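**Q** how would this look folded up:
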Amino acid sequence: MVARSIEIVTPASRVEGRIFVPGDKSISHRYAIVAALATGTSRFEGMSSGADAGATLSCLRQLGVPIRERATETGRAVEIDGRGLGGLSAPGGTLDAANSGTTLRLLAGVLAGHRFTSILSGDASLRRRPMRRMIDPLTRMGARLEAPGGHPPLTITGAALSGIDYQPPVPSAQVKSAVLLAGLHAAGRTLVTEPAPTRDHTERALGAFGARAVYGPGWAAVEGGQALAPVEARVPGDPSAAAFWAVAAAALPGSEIEILGVGLNPTRLAFLDVLRRLGARVEAEADSIEGGEPAGRLTVRPGGKGRLEIGPDEVPGLIDELPALAALATFGGELAVSGAAELRVKESDRITALVAGLRALGADAEERPDGFVVRGGRRLAGGRADAAGDHRLAMALAIAALGAEAPSTIDGAAAVDVSYPGFFATLRSVSA
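**A** Numbering: from 1, shown residues only. Next up is the predicted model:
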């Protein structure tokens, strides 16, 4: 179901139900890209139906990759005929990553190892996002990358690459993944050592496709020139999408949400530890592993509320869930976040837009240079809030609005289609 540009959220006394969430967006990007580099046909069920994953598939088609897809109840069923390592074709025009920074950054790593020139760009929001942290390592490996002012459009002239040992100044799973994918095309070994651990979906995907990738908390390495084999797998549900339902269940008395088939990769579950620290009752039970990714059932029930500080050490593991946790704080307690300046260069300036949206609903929220504070000392009044074209803000504001005294209007609600088509329909189905 396509979201409307404006959605009205009615206050709820509780949320309850058993639901599925869309296929994991991060995994969907990586499976599609690595499958394009394999030799043979890969098949996936439950791939994300959101616009971001769609942008990756569209770009791969422009690079000569045959892809067949059909809509299913749980997302996309996709078949990808891999072209082999280094086998992509020069595109006939600019590759449009739309609103997807993951598409642009990961494909940049792949294209750095293809000996033709390509241009990656996207919408106005994506063209404001910084690329310098990715340009530097790929240039060191031997490719030529040009971006006006360090922002897209990004022109890539691929070359024969050499592996490097790289230490990014800021932890970023996207930058790490771009370097590893370039390393797959490079001579020798490529090693990335991070200042803090980030999600490891690329490392797991490479292993699932038969590559020798070794990794641990905060580091990963791959040998260049490895042939990849096709796979068949189901993409687990997206834990970052599940976080919004988990927060709603933790916040509203009498609630119980059960999320089935959700990804339970340990690098994505820091938000569950936060909910437990605040007193919520959380159960996570893995019952399957596909493509190296564990999945299973997540059940969340309400508990206590309290004051919580999230600092620079925790931010990398929570970067996508911070808007949801900000919504939780509006129900009581207090959340103070620091060391999260990265939020300013997401689909929106998530610090400014999040604080403005919560204030519009009646929250006591304060913007800081590298974070924010939300104090839940009073119930939200309700109002009209702007999601600023950002899918995670649209969902966070909607969850916060469940606790308001009066209905709230979310402007720009259609942004949820980037990662979670049907979010508002599910919101209405679980609200009581």
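**Q** only C-alpha atoms from now on, for both contacts and neighbour counts.
**A** OK.
**Q** next, residue 353: phi, psi?
**A** Residue 353 adopts backbone torsions of phi -70, psi -40, taken as degrees, to the nearest 10.
**Q** the nearest residue to it once chain neighbours are set aside: what's it in contact with?
**A** The shortest distance from residue 353 to any residue that is not its chain neighbour, by CA to CA, 6 or more residues apart in numbering, is 6.5 Å, and that residue is residue 388. By CA atoms under 8 Å, 6 or more residues apart in numbering, the contact list for residue 388 reads 348, 353, 411-412.
**Q** reformat these as JSON lines; add distance to residue 115 and pLDDT.
**A** Rendered in JSON lines, the data for these read as follows (distance: CA to CA, whole Å; pLDDT from 0 to 100):
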{"residue": "348", "distance to residue 115": "34", "pLDDT": "85"}
{"residue": "353", "distance to residue 115": "41", "pLDDT": "97"}
{"residue": "411", "distance to residue 115": "44", "pLDDT": "97"}
{"residue": "412", "distance to residue 115": "41", "pLDDT": "96"}
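**Q** ok, which pair from the residues you listed is furthest apart?
**A** Of all pairs drawn from those, the one with the largest separation by CA to CA is 348 and 411; the distance is 14.3 Å.
**Q** burial count for residue 325?
**A** With neighbours defined by other CA atoms under 10 Å, the count for residue 325 comes to 23.
**Q** how far away is the nearest residue to it once chain neighbours are set aside from residue 398?
**A** Among residues not flanking residue 325 along the chain, residue 247 sits closest, at 6.9 Å (CA to CA, 6+ apart). For residue 247, the distance to residue 398 under the criterion CA to CA, to the nearest Å works out to 12 Å.
**Q** and the helices in the chain?
**A** Chain-ordered helices for the chain, with DSSP state H as the definition, fall at 25-37, 51-62, 101-111, 132-141, 173-184, 201-208, 239-251, 270-277, 315-318, 322-329, 350-360, 391-401, 423-430.
**Q** pretty sure residue 230 is touching residue 37, no?
**A** No: with contacts defined as CA atoms under 8 Å, residue 230 does not count as touching residue 37, sitting 9.1 Å away.
**Q** who touches both of these two?
**A** Overlap between the contact sets of residue 230 and residue 37, as judged by CA under 8 Å, 6+ apart, is given by residue 82.
**Q** which one's more surrounded, the two?
**A** Comparing residue 230 with residue 37 by other CA under 10 Å, the one with more neighbours is residue 37, at 26 against 21.
**Q** give me the pLDDT value at the more buried one.
**A** Listed pLDDT for residue 37 reads 98.
**Q** ok, now residue 1?
**A** In this prediction residue 1 is given a pLDDT of 49.
**Q** residues contacting stretch 194-207, please?
**A** Residues outside stretch 194-207 that contact it (CA under 8 Å, 6+ apart): 26-27, 30-31, 34, 167-173, 177, 212-215, 217-220, 267-268, 291-293, 313, 316-317.
**Q** cool, and stretch 103-111?
**A** For stretch 103-111, the surrounding residues in contact (CA under 8 Å, 6+ apart) are 29, 33, 52-53, 55-56, 97, 118, 120-121, 134, 138, 156-158, 174-175, 177-182, 185.
**Q** how many residues are close by residue 312?
**A** Other residues within reach of residue 312, judged by other CA under 10 Å, total 15.
**Q** could you find the closest non-adjacent residue to it?
**A** Once flanking residues are discounted, residue 312 sits nearest to residue 339: 4.3 Å by CA to CA, 6+ apart.
**Q** how close does that neighbour get to residue 390?
**A** Distance, residue 339 to residue 390, using CA to CA: 21 Å.
**Q** between these two, which one's more packed in?
**A** Of the pair residue 339 and residue 390, residue 390 is the one with more neighbours under other CA under 10 Å, namely 25 against 18.
**Q** surely the more buried one touches residue 349?
**A** No: using CA under 8 Å, residue 390 and residue 349 do not qualify as a contacting pair, with a distance of 9.1 Å.
**Q** can you pull the pLDDT of the nearest residue to residue 161 once chain neighbours are set aside?
**A** Counting by CA to CA, 6+ apart, residue 186 is the residue found nearest to residue 161 once chain neighbours are left out, at 4.5 Å. What the model reports for residue 186 is a pLDDT of 98.
**Q** ok, now the one 10 residues further on?
**A** Per-residue confidence at residue 196 stands at 91 (pLDDT).
**Q** cool, and residue 74?
**A** Among the per-residue scores, residue 74 shows a pLDDT of 74.
**Q** what do you get for the one 3 residues further on?
**A** We have a pLDDT of 97 for residue 77.
**Q** now it. Nearest residue, chain neighbours left out?
**A** Leaving aside its sequence neighbours, residue 77 sits nearest to residue 45 (CA to CA, 6+ apart; 4.5 Å).
**Q** give me the neighbour count for that neighbour.
**A** When neighbours are counted by other CA under 10 Å, residue 45 registers 21.
**Q** give the bridge partners for residue 47, please.
**A** Beta-bridge partners of residue 47, counted by DSSP bridges, are residue 76.
**Q** that one: neighbour count?
**A** Residue 47 is flanked by 31 other residues according to other CA under 10 Å.
**Q** so who does it touch?
**A** Going by CA under 8 Å, 6+ apart, residue 47 touches 22-25, 28, 74-78, 234-235.
**Q** same question for residue 418.
**A** The neighbours of residue 418, taking CA under 8 Å, 6+ apart as the test, are 50-52, 99, 391.
**Q** kindly recompute the last result at 7 Å.
**A** For residue 418, the contacting residues are 50-52, 391, by CA atoms under 7 Å, 6 or more residues apart in numbering.
**Q** neighbour-wise, which of those leads?
**A** For the contacts of residue 418, counting by other CA under 10 Å, the largest number of neighbours falls to residue 52: 24 neighbours.
**Q** my guess is it contacts residue 96. True?
**A** No: with contacts counted by CA atoms under 7 Å, residue 52 stays clear of residue 96, the gap being 10.9 Å.
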